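**Q** A structural model of the following input is requested.
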Amino acid sequence: MVTSPHTLASEAGAKVLREGGNAIEAAIAMGAVIAVTYPHFCGIGGDAIWMIADAQGRNTVLLGLGQAAEKLPNYKEPIAARGPQSTVVSAGAVDSWRQAYDYAREHWASDKGETRSFASLLEPAIVYAERGFPVTGSQLFWTSFREKELANWPGFSKLFLPDGKAPKPGDLFVQKDLAHSLKQIARHGAREFYEGELAARIGKGLEAVGSPLTAADLAKTFSRQEQAVSVDYRDVTLLAPPPPTQGITTLEIMGILNRLGFAGVEEGSAEYYHRCVEAVKQAFLDRGGIADPDFAAADIAQRLAPSRLESKAAAIKARAMPWPHLFRTGDTVYFAATDAQGRSVSILQSTYFDWGSGVVAGDTGVLWQNRGAAFSIDPKSPNAIAPGKRPFYTLNPGLAMKNGKPHVLYGTQGADGQPQTLTVLLTRLLDYGLDPLTALMQPRFLLGKTFSDSRDTLKLEESVGMATAQELSARGHETSMISANSPLGGQAGAIVIHDDGLMEGAHDPRSDGLAIGL
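**A** Residues are numbered from 1 along each chain as shown. Okay, the predicted model is just below:
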């Protein structure tokens, strides 16, 4: 089974599985296609995080994350959110494909050594870039939403506004330059993006618009294989990526809820939302200390210690606690795959904000990320920018293991909203036994600012019902309403693998995607 936010990506992954490929190979094909067909949320100029597990009990994390340029400006003002000065972090997504592919060959190859070539996995993406694909409503929404900003982004209009205007729904959207870049990667391997002729052209294109990044920074970019962090929840073990991601935040939330429990609590009731919201607040109080562990010590064991989770749970009262957090925006895509042998991957790819930095690197067709905007310029901050440092990442795809085997693959788009959406998704799957599609269709909440509401309110989808919203207000939550199935609720996906081998999966009705089972 595969799931992704775009039908063409899901179909590319399903095709690999039909032809006997493994879950990682299917995911690479999906990741490449989604980098073409969802350019507003991800691309090869961004990053990726992979959670990998199999039925033999192996599990690992691949952090395909870029690092800050070696030659940085002397910052007097916060790092720019858009434009050339926001392109201060290299891109790790393509190298994560390489490392994932090598992992599959090492651990998952059959006795005959059969495997699909890396180049073949990029073929569908190349076709969609070269010949075009029907523009999605999501791409058009974000093009229109940023209409007043686009003219100031180097190279953007030429690529994403053909003939000087946004494409119409259903128009074929062609990216010839990106197709050429993908062909170079297919021909020469993933390191072409970092050390080859393509890397030189990327570096030249970024230098031309005043970016601090150089080709030398690309050459130093490698994804890393790390150990997952974990916490027990009911009868499963939840796995998440380590710092500098916020994976520990999601685990902390679920660890708190594991202590509170939902016995006697009706799903979707005011009490249900209150417990979830207050657990989120308790975990977010700790989130400011997450940073690159190469530069700042990580206190993972302390944060997930049973005694600490107990005290956090005990701090939750019947009345709402104020929301004391600075909101971060950001967008990404989630996709996942599992094969007939139970080998599974759960992945997020991102260029950070919608449209990333807005900067296209020369004639490569590569839209660069603006992840450097997540750094602080305060030298006292654990997340202070420094040469070669990785910034704080909101990306945190997850895997739930049961009896040593993958049980639930899950993740979502949504920056600060990611742990919040995962909270309601996981509790509905694990505590209330909802199937993935039903769980994904249920109402969500979002704490913090949005594009249309700058207040740090508890935003509730209208489908929660007026009575529930009023009861939450009576408990001290400052609530405001957003539309049902709002894009602000994130685009999540999930695959559940039951003990008998039955698989259920879905992608968010808020997205353009679907799950495909074989």
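
**Q** pLDDT weak spots in the stretch 351-500 of the chain?
**A** Within the stretch 351-500 of the chain, the segments meeting pLDDT under 70 span 449-454.

**Q** same question, the chain
**A** 110-114, 324-331, 449-454.

**Q** ranges for the strands of the stretch 351-500 of the chain?
**A** Assigned by DSSP state E, counting those that start in this stretch, the stretch 351-500 of the chain shows strands spanning 398-402, 405-412, 445-447, 458-461, 479-482, 492-497.

**Q** Name the residues that touch the shortest one?
**A** The reference is to strand 445-447. 273, 276-277, 280-281, 284, 323, 325, 416-417, 420, 424, 456-461, 464, 482, 488-489 (Cβ atoms under 8 Å, 6 or more residues apart in numbering). Using the backbone N, CA and C atoms, a C-beta is placed for each residue, glycine as well.

**Q** And the longest one, by the same measure?
**A** Among residues not part of strand 405-412, those counted as contacts by Cβ under 8 Å, 6+ apart are 3, 51, 53-55, 57, 236, 334, 336, 338, 342, 344-348, 396-401, 418, 421-422, 425-426, 429-430, 490-497, 508.

**Q** ok, of the residues you listed, which come out buried?
**A** 3, 51, 53-54, 236, 334, 336, 338, 342, 344-348, 396-401, 418, 421-422, 425-426, 429-430, 490-497, 508 (16 or more other Cβ atoms under 10 Å).

**Q** Relative to Ser96, which of the strands of the stretch 351-500 of the chain is closest?
**A** Taking Cβ to Cβ, strand 405-412 is the member of those nearest to Ser96, at 14.7 Å.

**Q** and stretch 131-151, how far apart are its ends?
**A** Using Cα to Cα, to the nearest Å, the end-to-end distance of stretch 131-151 comes to 26 Å.

**Q** do stretch 241-248 as well
**A** Chord length of stretch 241-248, first to last residue, is 7 Å (Cα to Cα).

**Q** How far off centre is that stretch?
**A** 12 Å (Cα atoms, centre = their mean, to the nearest Å).

**Q** Next: stretch 216-236.
**A** Worked out by Cα atoms, centre = their mean, stretch 216-236 lies 13 Å from the chain centre.

**Q** same check, this time on stretch 92-101
**A** Computed by Cα atoms, centre = their mean, the chain-centroid distance of stretch 92-101 equals 15 Å.

**Q** try stretch 7-18
**A** The mean C-alpha position of stretch 7-18 is separated from the chain mean by 19 Å, Cα atoms, centre = their mean.

**Q** Quick one: residues in contact with stretch 117-130.
**A** 8, 12, 15-16, 25, 28-29, 32-33, 35-37, 97-98, 101, 174-176, 178-179, 182-183, 185-187, 189-190, 365.

**Q** meant to ask about stretch 203-210
**A** Stretch 203-210 has contacts (Cβ under 8 Å, 6+ apart) with 84-85, 87, 154-155, 213-218, 359-364, 366, 368.

**Q** can we see that at 10 Å?
**A** Residues from elsewhere that reach stretch 203-210 (Cβ atoms under 10 Å, 6 or more residues apart in numbering): 45, 69, 73, 83-85, 87, 90, 153-155, 211-219, 357, 359-366, 368.

**Q** Out of these, list just those in helices.
**A** Within the contacts of stretch 203-210, residues falling in helices by DSSP state H are 215-219.

**Q** Neighbour count and distance to Met254 added to these, as TSV?
**A** What follows is the ones in helices among the contacts of stretch 203-210, written out as TSV (neighbours: other Cβ atoms under 10 Å; distance: Cβ to Cβ, whole Å):
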residue	neighbour count	distance to Met254
Ala215	18	42
Ala216	12	41
Asp217	26	36
Leu218	24	37
Ala219	15	39
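
**Q** and the spatially most central residue of the chain, what are its bridge partners?
**A** When Cα atoms, centre = their mean is applied to the chain, the residue found nearest the centroid is Leu348 (3.5 Å). Assessed by DSSP bridges, Leu348 has beta-bridge partners Ile49, Tyr334.

**Q** list the contacts for Thr237?
**A** With contacts defined as Cβ under 10 Å, 6+ apart, Thr237 is in contact with 59, 228, 230-231, 399-404, 407.

**Q** again, only using 6 Å
**A** With contact taken as Cβ atoms under 6 Å, 6 or more residues apart in numbering, Thr237 is in contact with 230, 401.

**Q** that's a strand at it, yeah?
**A** Yes: according to DSSP: H, G, I helix; E, B strand; the rest coil, Thr237 belongs to a strand.

**Q** how close does it get to Gly398?
**A** With the distance defined as Cβ to Cβ, to the nearest Å, Thr237 ends up 11 Å from Gly398.

**Q** now do Glu252
**A** Counting by Cβ to Cβ, the gap from Glu252 to Gly398 is 13 Å.

**Q** Which strand residues bridge the residue nearest to Gly170 when sequence neighbours are not counted?
**A** Nearest non-adjacent residue to Gly170, counting by Cβ to Cβ, 6 or more residues apart in numbering: Pro134, 5.0 Å away. Assessed by DSSP bridges, Pro134 has beta-bridge partners Leu172.

**Q** returning to what we had before: is it possible to mark the buried ones in the contacts of stretch 203-210?
**A** By 16+ other Cβ under 10 Å, these give 45, 69, 83-85, 87, 90, 153-155, 211-215, 217-218, 357, 359-366, 368 as buried.

**Q** Now that Thr250 has come up, it's in contact with Asn396, right?
**A** Yes: the pair Thr250 / Asn396 is scored as a contact, 5.5 Å apart, by Cβ atoms under 6 Å.
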